[in-house]
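>>> Any chance you could fold what I've pasted below:
(one chain, ligands or ions: 1)
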Amino acid sequence: MNNTLHAFTAEPMIAYFSMEIGVKNDIPTYSGGLGILAGDTIKSAADLNLPMVAVTLITRKGYFTQELDNSGWQHEKPVVWDPATHMTLLKETVKVQIEGRDVHIQAWLYQVISPTGGRVPMLFLDTDVPENTPEDRCITDYLYGGDSAYRIKQEVVLGMGGVRMLHALEFHIKKYHMNEGHASFLALELLLRFKRDIETVWDERSVWDVGRVRDLCVFTTHTPVEAGHDKFSYPLVSKVLGEIIPFDVLKDLAGKDNLNMTMLALNLSKYINGVAKKHGEVSQHMFPGYHIHAITNGVHTFTWTCSEMAKLFDKYIPGWANEPELFVRSGNIPELELWEAHREAKRKLLAYVSNTTGVEMDPNVLTLGFARRATAYKRPHLLFSDIERLLKINEKGRIQIIYAGKAHPHDDNGKRLIQGIYGYRDKLKGKIAIAFLPGYNMDIALKLVSGVDIWLNTPLRPLEASGTSGMKAAHNGVVNFSVLDGWWIEGHIEGFTGWSIGAKPTETSEPGASDAEDVADLYDKLENLIIPKYYNPNKSNWSRMMKNAISKNAYYFNSHRMMRRYVTEAYIR
Ligand SMILES: *Cc1c(COP(=O)(O)O)cnc(C)c1O
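Numbers count the residues shown, from 1 in each chain. Below is the predicted model:
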């Protein structure tokens, strides 16, 4: 028995599995929204004293460090970090079989400790041990790197290795939560573990106790984008894993043509959910025959509130961090003080922009922020669809724009989008200040979501499952201006918590016509509603809207509320 873990192995736990977890900025084991959400989940679990243990990979070389050359082209460098400065190595090791070899796995322990006294241990699995072949030692190096053979090996380590590690450490697990399909080999491992004795069953197939596995598993699907669902060819599966369970049984569970990790999770989980109401519906259409619930995402309130706002909340809404429902009392915050706190966050952001990019921005100018993975469906270029029009709007009331975001290393189209923003920056120089902050990470995200005036989001419907950066903005009184997709369908009250862009989700817009429709609405509202309100000499109009973002959006779209729902709807059933 491991002494450090003794406190956790005494009671039954929820095991939360995620390929990536972003718990703090200096532990670079995340790429974006999925990982940050996982980190926020764990932090809320700790605050709420939930019995949870998290399992992920160590990703020794991280996702990547983003460097942008003068033309705006992205270059990737491995992240250099040392797990030993943050975590302790546990002495227990486990093995999985990959391509017929034993692959040894060790685990690093990190504990998220809440001011409430709650703790969540996190296990970071690592194959960089001397007993492994040089190739196997690299399995846990890169997040989302390599080919599909590399990926399936990572997922075997995460899912099967993770269950074995929990067992070796004597955890008693009452639910396994798969955060996205990457982790679904954990269900396969459970199937192997609960295999019935052939003597006790009627036919060969019933040695596989699917019902018992399903009772233990919860699955959250995170994207309607097809490429987000891992699929592996059966020849590859056979090469890497061998026939650990008969292929006809596996194909029934994971798909006829490919091993589809999402199908595997769907078939082996009793509770399945999407991450916003709309995403639940979209997923229900994608996966008919399964009952898909919806639990709308939230963000960790304390993590995503900047220090200026935190000070203000401490003064007027004491207890807010562990009870975000108290934001209902935001009305008590004096408007002038709210505006001043925001001004201070904005000054800090603009200083950072100046230092890192050399772009000088004016604190009195309406500032728009846009940061997310650089990929086509997020449409980062939408704002620039009609430069003439944008320049005219800029004459009515000046604007400036700050961008950030990484493209996946293999996504040249995504990289071209970043380069495109550099192009607009140069073209509009002297008229509209535009900056692109390199190396988007948790620290930059907090600066951005708290320091801009408007948080812009323009995804192509219905591809944004939830989106979370807009919730972070709302925690800082930053108003959302966004396409009605994901969480914003639920959070948006037109002209009150922010503004929508384009058609309502219930209206069907012509495919292809949506860009033009959205851009017209974006320009109209920017020109006729947002700019006049922002530049109105009476700042209390704007401050009132900031309060609404806090009292109506931050109040609800936080991970404390989200976790209470996971507990009552998914974990204790
Ligand atoms: C919040 C966050 C994201 C996810 O933002 P979305 O709006 O969900 O796309 C990605 N990267 C970082 C660094 C973040 O902090």
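
>>> drop to CA atoms for contacts and neighbour counts, all remaining ones
OK.

>>> show me the contacts for the residue of the stretch 301-450 of the chain found nearest the ligand.
As assessed by C-alpha to the nearest ligand atom, the ligand sits closest to Asn441 within the stretch 301-450 of the chain, at 3.8 Å. Residues near Asn441 by C-alpha atoms under 8 Å, 6 or more residues apart in numbering: Asn25.

>>> One more: Leu456?
For Leu456, the contacting residues are 368-370, 480-482, by C-alpha under 8 Å, 6+ apart.

>>> Who wins on neighbours among the residues you listed?
Asn480 (28 neighbours; other C-alpha atoms under 10 Å).

>>> helix, strand or coil for it?
strand (DSSP: H, G, I helix; E, B strand; the rest coil).

>>> Is it correct that it is in contact with Ala474?
Yes. Asn480 lies in contact with Ala474 (C-alpha atoms under 8 Å); the separation is 7.3 Å.

>>> how is the chain carved up into domains?
Annotated domains of the chain cover 3-198+217-298+562-571, 307-550 [automatic domain parsing].

>>> could you dump these to a markdown table with mean pLDDT?
Converted to a markdown table, these look like this (pLDDT from 0 to 100):
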| stretch | mean pLDDT |
| --- | --- |
| domain 3-198+217-298+562-571 | 96 |
| domain 307-550 | 95 |
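
>>> Get me the contact residues on the stretch 301-450 of the chain for the ligand.
Residues of the stretch 301-450 of the chain found near the ligand (C-alpha under 6 Å from any ligand atom) are 372, 440-442, 445.

>>> Okay, Ser269 and the ligand: tell me how far apart.
25 Å (C-alpha to the nearest ligand atom, to the nearest Å).

>>> how many neighbours does that residue have?
Neighbours of Ser269 (other C-alpha under 10 Å): 25.

>>> List the contacts of it.
Ser269 touches 213-219, counting by C-alpha under 8 Å, 6+ apart.

>>> Which one of these is nearest to the ligand?
Using C-alpha to the nearest ligand atom, the contacts of Ser269 come closest to the ligand at Phe219, 18.9 Å.

>>> Mind checking what helix or strand follows the host helix or strand of the closest one in sequence?
Using DSSP states H and E, Phe219 sits within strand 217-220. Next along the chain after strand 217-220, taking DSSP H and E as the criterion, comes strand 231-233.

>>> Report all helices and strands that that following strand contacts.
Applying 3 or more C-alpha pairs under 8 Å, 6 or more residues apart in numbering; DSSP states H and E, we find strand 231-233 packed against strand 258-260.

>>> And the lengthiest helix in the chain, what's buried?
When the chain is scanned for its longest helix (criterion: DSSP state H), the result is helix 335-357. The neighbour-count check on helix 335-357 (16 or more other C-alpha atoms under 10 Å) flags 335, 338-339, 341-350, 352-353 as buried.

>>> Likewise for stretch 564-573?
Buried-residue list, stretch 564-573, by 16+ other C-alpha under 10 Å: 564, 566, 570-571.

>>> What separation do you get for the residue in the stretch 201-350 of the chain that the ligand sits nearest to and Thr223?
Here the stretch 201-350 of the chain gets closest to the ligand at one residue, Val299, 8.2 Å apart by C-alpha to the nearest ligand atom. To Thr223, Val299 is 17 Å away according to C-alpha to C-alpha, to the nearest Å.

>>> These two: who's more crowded?
Neighbours per residue (other C-alpha under 10 Å) separate Val299 from Thr223, with Val299 holding more: 30 against 21.

>>> I figured that one was touching Met471, is that so?
Yes. Using C-alpha under 8 Å, Val299 makes contact with Met471 at a distance of 6.6 Å.

>>> So for those two, which residues contact both of them?
557-558.

>>> about what we covered before: can I get the contacts of Ser269 in a markdown table with neighbour count and distance to Trp455?
Output for the contacts of Ser269, formatted as a markdown table (neighbours: other C-alpha atoms under 10 Å; distance: C-alpha to C-alpha, whole Å):
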| residue | neighbour count | distance to Trp455 |
| --- | --- | --- |
| Val213 | 24 | 42 |
| Arg214 | 21 | 40 |
| Asp215 | 16 | 41 |
| Leu216 | 21 | 39 |
| Cys217 | 28 | 36 |
| Val218 | 25 | 33 |
| Phe219 | 27 | 30 |
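
>>> out of those, who's nearest His172?
Taking C-alpha to C-alpha as the measure, His172 lies nearest Leu216 of the contacts of Ser269, at 12.0 Å.

>>> Need the nearest residue in space to that closest one, chain neighbours excluded.
Closest residue to Leu216 in three dimensions, ignoring its sequence neighbours and counting by C-alpha to C-alpha, 6 or more residues apart in numbering: Lys175, at 4.8 Å.

>>> check contacts around Val218.
Contacts of Val218 (C-alpha under 8 Å, 6+ apart): 175-178, 269-272, 570-571.

>>> how about the strands of the stretch 101-250 of the chain, start to end?
For the stretch 101-250 of the chain, the strands defined by DSSP state E, counting those that start in this stretch cover 101-113, 119-126, 173-179, 217-220, 231-233.

>>> ugh, wrong one, I meant the stretch 401-550 of the chain
All strands of the stretch 401-550 of the chain, identified by DSSP E, counting those that start in this stretch, fall at 434-437, 454-457, 479-483, 498-501.

>>> Let's check: the centremost residue of this protein is which one?
Gly33 (2.1 Å; C-alpha atoms, centre = their mean).

>>> roughly how far apart are that one and Val94?
Gly33 is 30 Å from Val94, by C-alpha to C-alpha.

>>> With Glu135 instead?
For Glu135 relative to Val94 (C-alpha to C-alpha), the value is 18 Å.

>>> So for the two, which residue has more residues nearby?
Neighbour totals were compared for Glu135 and Val94, and Val94 leads with 22 against 10 (other C-alpha under 10 Å).
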